[in-house]
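Peer 1: 3D model of this:
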Amino acid sequence: MGGFSLEGRTALVTGGSRGIGGAIVELFAAHGAKVALCHLGDAAGAAELGERLRARGLAVAAIECDVASEQAVAAMTDWARAQLGHVDILVNCAGIGGDKAFADLTLAEWDRMIGVHLRGTFLVTHALFPEMVRRGWGRVINIASQLAYKGAPGLVHYCAAKAGIVGFTRALAYEGAPHGVTVNAIAPGPVETELLRGLSEEWRAMKQAQLPIGRFGNVDEIAPTALLLASPEGSFYVGQTLSPNGGDVMV
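Peer 2: Now for the predicted structure:
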């Protein structure tokens, strides 16, 4: 297995049935973690991921959860504790997409985007962070986006939500680090997932033309960053946002 071992650790990945979350689930399980995931309306994807892991002698527990719902998150985190005993590593990866000009954006669309990304990150972390502090060890990894820094036309609601996650990460890192709990984020560039494929062809063409690398990324190019942050080798990262983004943002 080499370095970056997660042996003896437990992990919960929200939005973990496919895309970046699914790749993180597979990588964490392959490196020794006991993993649970939640999804929303993707039982088929969760089942397919479970089958792939079982074929490798690995396993994952899955449950449906809308992370924007306080009641649903309470039930899901109780379930995760029952499955795992406790949660050492939390990856907040649940997300939605969709592009629309700001003038046409409805309040309901704004609220849903903020609800899933930023409120969801708060709710799940709020349920599990105090236990990590009491145990003296934990990892919180939040999935943001390079668009938190760069912005993009048609994605005001998405960019605002992701920028909020970056700020959330930096602030909470101060509270966690003295107790052995690191809080960091990953801000991927555009990656071939259903979220990206759900955007308009015009937006995709515009975005690809901006990338120095000349292509979109794939999920297996993002998941190793989460493994680093979750592993002992990543213990000196505190309040950081790492950005595998194909050169879209260089900081």
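Peer 1: where does residue 13 sit: helix, strand or coil?
Peer 2: Three-state call for residue 13 (DSSP: H, G, I helix; E, B strand; the rest coil): strand.
Peer 1: return the distance of it relative to residue 201.
Peer 2: According to CB to CB, to the nearest Å, residue 13 and residue 201 sit 30 Å apart. All C-beta atoms are positioned from the backbone trio N, CA, C, and that covers glycine.
Peer 1: same question, residue 182
Peer 2: 39 Å.
Peer 1: neighbour-wise, which of these two wins?
Peer 2: Taking other CB atoms under 10 Å, residue 182 and residue 201 do not tie; residue 182 has more neighbours (23 against 8).
Peer 1: in the stretch 151-251 of the chain, which spans are strands?
Peer 2: 181-186, 241-242 (DSSP state E, counting those that start in this stretch).
Peer 1: give me whichever of those strands is most buried.
Peer 2: Greatest average neighbour count among the strands of the stretch 151-251 of the chain goes to strand 181-186 (a mean of 26), per mean count of other CB atoms under 10 Å.
Peer 1: could you dump that strand to CSV, C-alpha only?
Peer 2: Taking C-alpha atoms only, strand 181-186 is exported to CSV below (Å, rounded to 0.1, in the frame of the first residue of the first chain):
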residue,chain,number,x,y,z
VAL,A,181,-8.5,18.3,14.2
THR,A,182,-7.3,19.8,10.9
VAL,A,183,-9.7,21.5,8.6
ASN,A,184,-8.8,22.0,4.9
ALA,A,185,-10.4,22.3,1.5
ILE,A,186,-9.9,21.2,-2.0
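Peer 1: and the spatially most central residue of the chain, what does it touch?
Peer 2: Centroid-nearest residue in the chain: residue 93, 2.2 Å away (criterion: CA atoms, centre = their mean). Counting by CB atoms under 8 Å, 6 or more residues apart in numbering, residue 93 makes contact with 13, 14, 15, 16, 19, 20, 21, 24, 143.
Peer 1: which of these lies closest to residue 30?
Peer 2: Closest approach between the contacts of residue 93 and residue 30, by CB to CB: residue 24, at 10.7 Å.
Peer 1: any idea which helix or strand comes after the host helix or strand of that closest one?
Peer 2: Using DSSP states H and E, residue 24 maps to helix 19-30. Moving toward the C-terminus from helix 19-30, the next helix or strand (DSSP H and E) is strand 34-39.
Peer 1: name the helices or strands packed onto whichever helix or strand comes after that following strand?
Peer 2: With elements assigned by DSSP H and E, the helix or strand that comes after strand 34-39 is helix 43-55. Contacts defined by 3 or more CB pairs under 8 Å, 6 or more residues apart in numbering; DSSP states H and E place helix 43-55 against helix 19-30, strand 34-39, strand 60-64.
Peer 1: tell me the mean pLDDT over helix 43-55?
Peer 2: Mean pLDDT, helix 43-55: 97.
Peer 1: contact partners of that helix?
Peer 2: Outside helix 43-55, the residues within contact range by CB under 8 Å, 6+ apart are 16-18, 22, 25-26, 29, 37, 39, 59-60, 62, 64.
Peer 1: please save the CA atoms from that helix in CSV.
Peer 2: Provided in CSV are the C-alpha atoms of helix 43-55 (Å, rounded to 0.1, in the frame of the first residue of the first chain):
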residue,chain,number,x,y,z
ALA,A,43,-29.1,4.6,-5.1
ALA,A,44,-28.0,3.0,-8.4
GLY,A,45,-24.7,4.8,-8.3
ALA,A,46,-24.1,3.9,-4.7
ALA,A,47,-25.0,0.2,-5.5
GLU,A,48,-22.6,0.2,-8.5
LEU,A,49,-19.8,1.7,-6.4
GLY,A,50,-20.5,-0.9,-3.7
GLU,A,51,-20.2,-3.7,-6.2
ARG,A,52,-16.9,-2.3,-7.5
LEU,A,53,-15.5,-2.2,-4.0
ARG,A,54,-16.7,-5.7,-3.1
ALA,A,55,-15.0,-7.0,-6.2
